[in-house]
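1. Here is a sequence with its predicted model. Questions after.
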Amino acid sequence: MHLLLSIAAGAVLLAAPSDSLTSSYPKDATAAIEPYYRNLARKLAVYPAAVPTDGNAFEIIHSGERYTELLFKDFDAASSTIELEVFILGDDPCGKRVRDTLDRKAKRGVAVRYIHDTLGNYGDNFLDGKPLFTGFYSRLPQTGIDIRYHAHLLLPDFTFTRLSWRNHRKINVIDNRIAYTGGMNLAQGSMADWGDTHMRITGPAVQSLRAVFLDDWNKLSSGKAETVDFTPASAGGTSAGGKILQVVPDGHDEPAYMMEETITWLLSHARKYVWFETPYLLPSRPVVKAMKAAAERGVDVRIMVPEAIDLSTFDPAYRRSVRELVKYGITVIYRKPPFVHSKTFVCDDYITCIGSSNLDRLSLQSLNEINVLIYDAPTATAHKEYLAGEQEGCKVADQAMVDSWDAGERFKQALFGIMSDWL
């Protein structure tokens, strides 16, 4: 069914008018990818924004301090547009610094566009025990920031299905030359307190990320709100010896479960290893089955998760997944504090993924997400070495640990399993 939906979506987009949002993009770089992985790249390229592009340069960012340094430097240099799509703009010191910076740039004539997930922001404050109605979010439109709302707080939903149709993407595009994406929100957690992973990109992939942003922006524009035409620009040009990147949007309105398809394909085709890091571990059934099959073939499947998560109430649901995965021979590693919010994986010294998708059903089958695949051996080798370093001294979940859980713990795991589709 996913394949048929992908084919249908591709046919519609190929027939789109020449001035449509997705009609003009840099050259498709699929032919430059190692032959073994080209079918994956083709599978994901359901419309032009998702084709692989080469000539890109990037920095993988592993600290909020570095992210803050680079982002505000680029904000300060912005001359025409700042476009933001993030799950959380924190009502905290980091979020307020972002708001004040955007306010200042808007007053100087920079077009500032921001896609706001109302339910996500208020929900995050609620779970963190913060005041909900401080005026921080209601004042944003008064600062000169042009806002589109992904989910209004009081939108009727008697089936509760839209509770999981949230916008978890993280895209920042500045002057159509620089883009940021990955796991980091514009909030105290990602920018100061936690570990997290993000990317700063220049090159043709910036256009792909901006196309996803503007597609979302225009979908959320009312009849009276101005939509924005997408006109591809140089996006900072290409980099000699630059890297091949593929932007992979995911969400309930995409033609398939794009990251679930990516992960299951890689697990099915991996020859040596697939290593994941995720803050929340509650994988969908297709992913669990693919992990089990890969482990049975002798593939080294590892998942690194935080020893203590920010949503500790839901720990029993995640431990339930650990119990099943350990039984299948999959290595689960409990990373030492502080909490790490990164969502990445690396496979067979060639493919690295930096993105917003957690390894849980909510991300893989409901939330709007954005991920970037990097087709490059040196990057994969470096990222594997980074993950190996992070695993040093960490506790590995084993059968003895699972067997030590008592009946009360198993009851809690079963109870939270009922809620798993919303976690």
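-> Now that the structure is in, tell me what you want to look at.
2. can you tell me which residues contact residue 180?
-> Residue 180 makes contacts with 67, 70-71, 170-173, 198-201, as judged by CB atoms under 8 Å, 6 or more residues apart in numbering. C-beta coordinates here come from the backbone N, C-alpha and C atoms, glycine included.
3. A strand includes it, no?
-> Yes - Residue 180: assigned to a strand according to DSSP: H, G, I helix; E, B strand; the rest coil.
4. Give me the distance from stretch 38-51 to the chain's centre.
-> Centroid displacement of stretch 38-51 relative to its chain, using CA atoms, centre = their mean, to the nearest Å, is 17 Å.
5. Show me where the stretch 201-350 of the chain has its strands.
-> With DSSP state E, counting those that start in this stretch, the ranges of strands along the stretch 201-350 of the chain come out as 243-250, 273-277, 281-282, 300-306, 331-335, 344-347.
6. ranking those by mean pLDDT, which is last?
-> If you rank the strands of the stretch 201-350 of the chain by mean pLDDT, strand 281-282 sits at the bottom with a mean of 92.
7. Pull up the pairing partners for that strand, direction included.
-> Strand 281-282 pairs in its sheet with strand 359-360 (parallel), by DSSP bridges.
8. How about residues contacting the strand it pairs with?
-> By CB under 8 Å, 6+ apart, strand 359-360 touches 263, 276, 278, 280-284, 287, 303, 343, 423.
9. Check the average confidence over the helix or strand following it, would you?
-> Counting by DSSP states H and E, the next helix or strand C-terminal to strand 359-360 is helix 361-365. Averaged across helix 361-365, the pLDDT comes to 91.
10. Give me the below-cutoff pLDDT ranges for the protein.
-> 1-26, 126-128, 152-164, 223-227, 229-240, 311-313, 413, 417-423 (pLDDT under 70).
11. Can you tell me which of the contacts of strand 359-360 is nearest residue 85?
-> Of all those, residue 85 sits closest to residue 343, with 16.1 Å by CB to CB.
12. That closest one contacts residue 183, correct?
-> Yes - the criterion here is CB atoms under 8 Å, and residue 343 meets it with residue 183 at 4.8 Å.
13. between the two, what contacts are shared?
-> 197, 354-356.
14. Out of those residues, which sit inside strands?
-> 354-355 (DSSP state E).
15. immediately after the helix or strand that contains residue 121, which helix or strand?
-> Following DSSP H and E, one finds residue 121 within helix 118-127. Downstream of helix 118-127, the first helix or strand assigned by DSSP H and E is strand 146-149.
16. Tell me the helices and strands packed up against that next one.
-> strand 111-116, helix 205-220 (3 or more CB pairs under 8 Å, 6 or more residues apart in numbering; DSSP states H and E).
17. Kindly recompute the last result at 6 Å.
-> Contacts defined by 3 or more CB pairs under 6 Å, 6 or more residues apart in numbering; DSSP states H and E place strand 146-149 against strand 111-116.
18. Parallel or antiparallel, which strands does the strand it packs on pair with?
-> For strand 111-116, the paired strands and their directions (DSSP bridges) read strand 81-85 (parallel), strand 146-149 (parallel).
19. and it, which residues are buried?
-> Across strand 111-116, burial judged by 16 or more other CB atoms under 10 Å covers 112-116.
20. tell me the angle of it relative to helix 205-220?
-> Angle, strand 111-116 to helix 205-220, by axes from the mean of the first three to the mean of the last three CA atoms, to 10 degrees: 70 degrees.
21. Residues in contact with strand 111-116: which ones?
-> Contacts with strand 111-116, where a contact means CB atoms under 6 Å, 6 or more residues apart in numbering, come from 81-85, 102, 106, 145-150, 216.
22. returning to that earlier point: so which of the strands of the stretch 201-350 of the chain gets nearest residue 139?
-> Among the strands of the stretch 201-350 of the chain, the nearest to residue 139 by CB to CB is strand 243-250 (30.3 Å).
23. and residue 275, what is it in contact with?
-> Per CB under 6 Å, 6+ apart, neighbours of residue 275: 302, 346, 387.
24. give the contact list for the first one.
-> Okay, so that is residue 302. Residue 302 sits next to 275, 331 when contact means CB under 6 Å, 6+ apart.
25. and if you look at the second one?
-> Taking CB under 6 Å, 6+ apart as the contact definition, residue 346 lies against 275, 352, 380, 383-384.
26. one more time with 8 Å
-> Residues near residue 346 by CB under 8 Å, 6+ apart: 274-275, 352-353, 380, 383-384, 387.
27. closest to residue 368 among the residues you listed?
-> residue 353 (16.9 Å).
28. give the contact list for the spatially closest residue to that closest one that is not a sequence neighbour.
-> Closest residue to residue 353 apart from its sequence neighbours, by CB to CB, 6 or more residues apart in numbering: residue 345 at 5.0 Å. Residue 345 makes contact with 263, 266, 274-277, 352-353 under the criterion CB under 8 Å, 6+ apart.
29. can I get those residues in TSV with distance to residue 309?
-> Formatted as TSV, these follow (distance: CB to CB, whole Å):
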residue	distance to residue 309
263	21
266	25
274	22
275	19
276	15
277	13
352	24
353	21
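30. Please consider this matter closed, and thank you.
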